[in-house]
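Undergrad: Can you look at this prediction? I've put the sequence above it.
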Amino acid sequence: MSAEAKRAPGAETAGGRNILVVGVGGQGVIMISKVLALIGQRRGFEVKQSEVHGMAKRGGIVFSHVRFAPKVWSPTIAKGEADALIALEWAESLRWLDFLKPETGVFIADTRRIVPPFACLNRQQGAVTAYAKATPAEVVERISNAYALDASGIAAGLGDARAANTVLLGCYSVALDEPLEHWREALDLFVPKAARAINHAAFDAGRTWAEAARAGTQEVPTMPALFSARGPAVKSELEINAAWCKGCDICVKLCPERCLALDKKQIAVLTKPDACTGCRVCEWLCPDFAITVHQTAVGAA
Amino acid sequence: MKAEAAVRPAEPASSASIPLTGNEAIARGAWEAGVRVGVAYPGTPSTEVLENLSDYAPSEIYTQWATNEKTALDMAIGASFAGVRSMTSMKHVGLNVAADPLMSQAYIGVNGGLVVVVCDDPGIHSSQTEQDTRLFARFAGVPVLEPSDAQEALEYTRLAFQLSEDFDTPVILRSTTRLSHTRSSVAVGERVEQAPKGFIEDPQKTVIIPANARRLHPKVVAREAAVARYFEGSGIHRWEKGDRKFGVVTHGTAYLYVKEIVPEVSILKLGSSYPLAENTIREFAASVDRLIVCEELEPFLETEIKALGLAAEGKSLFPRCGELSPELVREGFAKAGLVEAAPVTLNETVENMARPPVLCPGCPHTASYLALRGLGARVTGDIGCYTLAAVDPLRSIDTTVCMGASIGNAVGIALSGTEKRPIVATIGDSTFLHSGIPPLIDAVYNDVNITVVILDNHITAMTGGQDHAGTGRGMRGEPTYQVNYEQMCRAAGVDWIRTADPYEVGKMYQTLREAIVHKGVSVVICSRPCVLDPVRIKGAPLEVKAAGCVACQSCMNLGCPSITWSDETYEGRNKVKIDPTTCIGCTLCAQVCLSDCIQPVTA
């Protein structure tokens, strides 16, 4: 779908809004939620803003529901009822897609990827990360009102990548007919004095980006494939020369995959062959040259 | 008649409307009610109640963190004995700890109003279980108030103090995560000072020996009926007349979802599930064709209503486990034939990864657990951020039960005689003070061969950085006595105690190995401040010199969120890179790096 044919962010239903702001702990989800809540209040609506604390602080998933309308009952937005989804991280933007209103829901996401350690558990040669595979182009194709931008890059260009949340807020701001100074006043209430200038700049940059998007002149940013450079799959085999091993335990203790052990005769043995990645740490560290790693390309004779 | 009009003392008209979370509103309500003493042990989602109470002037309210929920309630009870209004707040599992004094005080009653704020965590956002505190209220014979939103949270808190004094009982104010952490506009009032009554000498009431207890128990039973009668006429239960084909009995946050999904039906919104408004419910049931109970967690009202001989549907429509949501409530009412099923959503379920919470970059717990895994120990865990070490890649905790359980569990494993691995209990500083000291005494008393690791990060970290008796500061930042863990362990009879810095990986490993070799109870205190609280620590970041990285993944075993794969590979495995904006320069990764390629960032 071409950018021209899309509904602009400002074309949502009049009146109240259901806005879902999502991201990863520490990105500033709550800050922009508070700004949105204040704007809703200024517009004379009843406002509810619901968030989850606790474990979320430790790099986990953070989400905040902002609802304003003449009357708001539920503190949370039902699936399929969000007028807007503002996502501060790419994989998080995909997690909440089913909250968006079909057809009219506006999707605004930073294309920044925060790859958690959890997505990098498979260390075998040729293995890939568990990080979400969907690309901005795919999402923009599937959702009528999708806007994906490199907000972190824009904020970094202004001097502080941490202001990416405010770039996205500025981007969403064109959806509400609210004077610029109201947004600035609201921002100033929640950002430290020293960070006001950068946040104003970030807000303006987001707004400018969205206006250009409305005009259909923004490109969908491309994201490089994650970890595409891995070589062909290799099969490793460990050869332990029992006659030379003196049972010093160094390889056992320092094996990153913890797949070695000493047997009853105090000789190193590979106990979990499937876990061995052939990283050669044992080979290099063995003081007695008792370990050799053999690698053959899979499929080779 | 409105409950507030009936019981609330004359007060100035509401002065303003301000956005408050449920927890902030509870604190405001307590302040307005003239509370003088507030004590609590932090616990999500209740923590901010006391934090907000401490924002009011110390001349008006004394606030302090307690060692645990039981000592907090004991202190609040003491203040009530002495004739001032007092409050404690806790999470649902905190009430398990504080259950003993609550049961007694239900008999004894109050002098100054006594309110116990309990925040349940339906959906287990940050807890070990989900519990329904309404069951506890009935068990203890203590009235429970259940606000739906922040405005009611404020009003019910004030009402709770009044009820407490009028009916001579502690009162539970029950919140849930959703209410505690939702911000909405609240019309606030002003503080109404309560004249302190002083201690009243009445040992037949305040000393709960069997003779007195046998006399007090019937009073609890009589009080149940009296409070129920009061509730019936007070307006705390709201009957919203609507379509008579369906009548919905609901409470708390569930009420909001009901209003969202089926606003047209007849609704009986109960402000309290215990004591039960039997007459109102009978009358309501008689007025509608079909009675539906929409409640979060246990079928508390449903069971009571059925016991009245009334036909009702509840958990056949709504789930008993987990948090309610507008979607689930819609599903339930769709099942009952009241509404259409949920509108079709985008249904754009994209394949995604899990993103579990992780220990912070530079978290001092990381090295302690890395060493324990390397030592092949059988590790009992406890409640705190460090519970996150139970999952990959640290995966070094075998059991976690509840606050303070680690040491007792380790003693039990040792006593079983079946465990061949070294047995190690790991417990945070705040958790150790909370409930780790009695089992340490048991460990020495039973002369078992275990190692206790006290993960001392000088703060209560998991709940956002609260002070405790081991930090040397009170909750308003005032200096106070600092518990000395080494002396405390020595007094319990431990003779092998070492303090180590978990940022020195080798030393940590060595110390733990010596501790394990020691026969009897050994204690290792891993001392290093939390990187987030009380001050955020940010040192010069490190970087990976990619040319030297052999992609061995040793550093990835730390699970540090600042380290991730780079696009470069070595023999088909990804090399690593470090995010300089989040790296705090703790050097743990550099210490475990086998090729010495992790170095300070060079310009």
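TA: Structure's in. What do you need?
Undergrad: Can you list the buried residues in stretch B:178-192?
TA: B:178-186, B:188-189, B:191-192 (16 or more other C-beta atoms under 10 Å in any protein chain shown). (Glycine included, C-beta is placed from N, CA and C.)
Undergrad: B:R215 against B:Q204, yeah?
TA: Yes. If you go by C-beta atoms under 8 Å, B:R215 and B:Q204 touch, sitting 7.4 Å apart.
Undergrad: A:A242: neighbour count?
TA: By other C-beta atoms under 10 Å in any protein chain shown, 11 other residues sit near A:A242.
Undergrad: for B:R513, same thing?
TA: With other C-beta under 10 Å as criterion, B:R513 counts 15.
Undergrad: Am I right that it is in contact with B:L375?
TA: Yes. Here B:R513 reaches B:L375: they are 6.4 Å apart, a contact under C-beta under 8 Å.
Undergrad: ok so, going back, could you pick out which of the buried residues of stretch B:178-192 are also in contact with chain A?
TA: Near chain A, judged by C-beta under 8 Å from any C-beta of the partner chain, the entries from the buried residues of stretch B:178-192 are B:R178, B:L179, B:H181, B:T182, B:R183, B:S184, B:S185.
Undergrad: And for the third one, nearest residue in space, chain neighbours not counted?
TA: Just to be clear, that refers to B:H181. In this structure, B:H181 finds its nearest non-sequential neighbour in A:E51, 5.4 Å apart by C-beta to C-beta, 6 or more residues apart in numbering or on different chains.
Undergrad: Please report phi then psi for that neighbour.
TA: Main-chain dihedrals, A:E51, degrees, to the nearest 10: phi -140, psi 170.
Undergrad: And what about B:V248, helix, strand or coil?
TA: Three-state assignment for B:V248 (DSSP: H, G, I helix; E, B strand; the rest coil): strand.
Undergrad: wait, what's in contact with residue 167?
TA: All of this refers to chain A. Counting by C-beta atoms under 8 Å, 6 or more residues apart in numbering or on different chains, A:V167 makes contact with A:D110, A:L149, A:A151, A:I154, A:A155, A:A202, A:F203, A:A205, A:G206, A:W209.
Undergrad: could you do chain B instead?
TA: By C-beta under 8 Å, 6+ apart, B:F167 lies in contact with B:P143, B:R223, B:A226, B:V227, B:Y230.
Undergrad: how close does the fourth one sit to B:A137?
TA: B:V227 sits 11 Å away from B:A137 when distances are taken as C-beta to C-beta, to the nearest Å.
Undergrad: more crowded one of the two?
TA: Using other C-beta under 10 Å as the criterion, B:V227 and B:A137 rank with B:A137 on top: 28 against 22.
Undergrad: isn't the more buried one right up against B:L173?
TA: No. Counting by C-beta under 8 Å, no contact exists between B:A137 and B:L173, whose distance comes to 10.3 Å.
Undergrad: what's the span of stretch A:75-93, first residue to last?
TA: 21 Å (C-alpha to C-alpha, to the nearest Å).
Undergrad: could you check whether it is close to chain B?
TA: Yes. Looking at stretch A:75-93 against chain B by C-beta under 8 Å from any C-beta, the contacts come from A:P75, A:T76, A:I77, A:A78, A:K79, A:G80, A:E81, A:A91, A:E92.
Undergrad: Adding secondary structure and pLDDT, write the ones next to chain A among the buried residues of stretch B:178-192 out as CSV.
TA: Output for those, formatted as CSV (DSSP: H, G, I helix; E, B strand; the rest coil; pLDDT from 0 to 100):
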residue, secondary structure, pLDDT
B:R178, helix, 96
B:L179, helix, 97
B:H181, coil, 96
B:T182, strand, 96
B:R183, strand, 94
B:S184, strand, 94
B:S185, strand, 93
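Undergrad: If I look at the residue nearest to B:S86 when sequence neighbours are not counted, what pLDDT would I see?
TA: Excluding its sequence neighbours, the residue lying closest to B:S86 (C-beta to C-beta, 6+ apart) is B:A79, at 3.7 Å. You'll see B:A79 listed with a pLDDT of 98.
Undergrad: Over to B:S273?
TA: So B:S273 comes in at 96 (pLDDT).
Undergrad: what sits against the closest residue to it other than its chain neighbours?
TA: Spatial nearest neighbour of B:S273, chain neighbours left out: B:R134 (4.6 Å); criterion: C-beta to C-beta, 6+ apart. B:R134 is in contact with B:V144, B:E146, B:R174, B:S273, B:Y274, B:E298, B:F300, counting by C-beta under 8 Å, 6+ apart.
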